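*Asks:* Sequence first, predicted coordinates after that:
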Amino acid sequence: MIKSVFLFMTLSLALLSSSCGFKLKGHYYLPDSLQTLYLTSTKKFSPLAKQVKLRLSQNKVNLLPKFNPDYAELKILPEAFQRRTLSLFPNGQVAEYELIYQVKFEVRLPNKPTQHFAFELNREFQDDPNNALGKERERELILSELRVLASDRIMSQLNGIQ
């Protein structure tokens, strides 16, 4: 009796979660037109392009080794980082920054005009002039995290392309 109730509850929960559109984080259902694509970047060794390539392969997208006009092309444009001062120490040194990460990319589908996308991500960063080496490492970790978030956002935007 208890096993059948447990089984019923488990099946009900599985049915409920699948019917509401629930999906695991990091898994995207890209349209058929993007299941095979050519990934390119304006920078030869772009860390963002590397992260996007990882996300695409995790989602079983077939990446073409060279450009083919019959398939979609995803072009990662140069990323940009900016800093904006948020607060100062009493001696005038910067105490806190806002890191602004700007991302642009283009998607070209066969026989359709190129679609342009842009967004930015922000993170606060507290500076400490007495611990410059540690803060530099922390800043690099934040930038790495922003690239992961940006690759997820690119995947999410690709999900909505028709």
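*Replies:* Great, that's in hand.
*Asks:* And the one helix or strand Phe117 maps to, what does it pack against?
*Replies:* Using DSSP states H and E, Phe117 sits in strand 115-126. Packing contacts for strand 115-126, counted by 3 or more CB pairs under 8 Å, 6 or more residues apart in numbering; DSSP states H and E, involve strand 94-108, helix 132-159. Every C-beta, even on glycine, is put in place using the N, C-alpha and C of the backbone.
*Asks:* Following the chain onward from the least confident helix or strand in the chain by mean pLDDT, which element is next?
*Replies:* Ranked by mean pLDDT, DSSP states H and E, the helix or strand of the chain with the weakest confidence is helix 2-19, at a mean of 69. Moving toward the C-terminus from helix 2-19, the first helix or strand encountered (DSSP H and E) is strand 36-41.
*Asks:* returning to that earlier point: quick one, which of the helices and strands packed on strand 115-126 is nearest to Lys50?
*Replies:* Each of the helices and strands packed on strand 115-126 was scored for nearness to Lys50 using CB to CB, and the closest is helix 132-159 (8.6 Å).
*Asks:* Could you give me the buried positions within that closest one?
*Replies:* Under the neighbour-count criterion of 16 or more other CB atoms under 10 Å, helix 132-159 has Arg139, Leu143, Leu146, Arg147, Ala150, Ser151, Asp152, Ile154, Met155, Leu158 buried.
*Asks:* For the last one, give its distance to Leu146.
*Replies:* According to CB to CB, to the nearest Å, Leu158 stands 18 Å off from Leu146.
*Asks:* Kindly report the same for Leu63.
*Replies:* For Leu63, the distance to Leu146 under the criterion CB to CB works out to 23 Å.
*Asks:* hmm, who's touching stretch 66-85?
*Replies:* Taking contacts as CB atoms under 8 Å, 6 or more residues apart in numbering, the residues outside stretch 66-85 that touch it are 33-34, 36-43, 46, 48-49, 52, 64, 94, 96-110, 125, 143, 147, 150, 154, 158.
*Asks:* go on, stretch 46-65?
*Replies:* Counting contacts by CB under 8 Å, 6+ apart, the residues outside stretch 46-65 that touch it are 26-28, 30, 34-41, 43, 71, 74, 76, 78-79, 103, 144, 147-148, 150-152, 154-155.
*Asks:* Now render the helices and strands packed on strand 115-126 as a markdown table, adding mean pLDDT and distance to Leu86.
*Replies:* Below are the helices and strands packed on strand 115-126 laid out as a markdown table (pLDDT from 0 to 100; distance: least, CB to CB, whole Å):
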| stretch | mean pLDDT | distance to Leu86 |
| --- | --- | --- |
| strand 94-108 | 91 | 4 |
| helix 132-159 | 88 | 14 |
